[in-house]
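Colleague: Here is my input; please provide its structure:
(one chain, ligands or ions: 1)
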Amino acid sequence: MRWIIASVVLLFAALIGSNIGWRFVFAPVLAWMLLKWMIASLRVLYTDTKYGGGESLAVSPNERTVFWCEECGTEVQLVVRGTQRAPSHCGQRMNERTELLDEA
Ligand SMILES: [Zn+2]
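Modeller: Prediction:
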């Protein structure tokens, strides 16, 4: 059943492409692929924030947690922990470093 639908779609696309122009076949396919890619990208952002059950915990006042990027050296101080996963920078996960502060 599935190959019948696929062959009908391909035949229809070939008819449109050869009679009207191939841009009318490839433009909707390209638009559909871009739309799928954009929705998938946004879904990754949503599942990234959902990770960890949605509970956010304040960082203890006598410790200092910093995430640093191995690639460019950017450092980010953690104020509230939303997830257990490290944030991303330069296309990779940042490294976590926790320092215990003096209780003076
Ligand atoms: Zn970076």
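Colleague: C-alpha only now, for contacts and for neighbours.
Modeller: OK.
Colleague: For the top helix by length along the chain, name the packing helices and strands.
Modeller: Ranked by residue count and defined by DSSP state H, the top helix of the chain is helix 23-50. Taking 3 or more Cα pairs under 8 Å, 6 or more residues apart in numbering; DSSP states H and E as contact, the helices and strands that helix 23-50 lies on are helix 2-19.
Colleague: Output the contacting helices and strands for the helix it packs on.
Modeller: Helix 2-19 sits against helix 23-50, with contacts defined as 3+ Cα pairs under 8 Å, 6+ apart.
Colleague: Give the buried residues for the longest helix of the chain.
Modeller: Neighbour-count burial for helix 23-50, with 16 or more other Cα atoms under 10 Å as criterion, is recorded at Val25.
Colleague: Let me see the mean pLDDT of it.
Modeller: Averaging pLDDT along helix 23-50 yields 87.
Colleague: again, but for stretch 93-104
Modeller: Computed over stretch 93-104, the average pLDDT equals 85.
Colleague: what about the most centrally placed residue in the chain, distance to Met38?
Modeller: For the chain, Val44 is the residue whose C-alpha lies nearest the centre (Cα atoms, centre = their mean; 3.8 Å). Distance, Val44 to Met38, using Cα to Cα, to the nearest Å: 10 Å.
Colleague: can you list the residues of the protein near the ion?
Modeller: Applying Cα under 5 Å from the ion, we find that the chain lies next to the ion at 69, 72, 89-90.
Colleague: ok, Thr98 - how many residues close by?
Modeller: When neighbours are counted by other Cα atoms under 10 Å, Thr98 registers 12.
Colleague: What of Ala14?
Modeller: The number of residues packed near Ala14 is 15, by other Cα under 10 Å.
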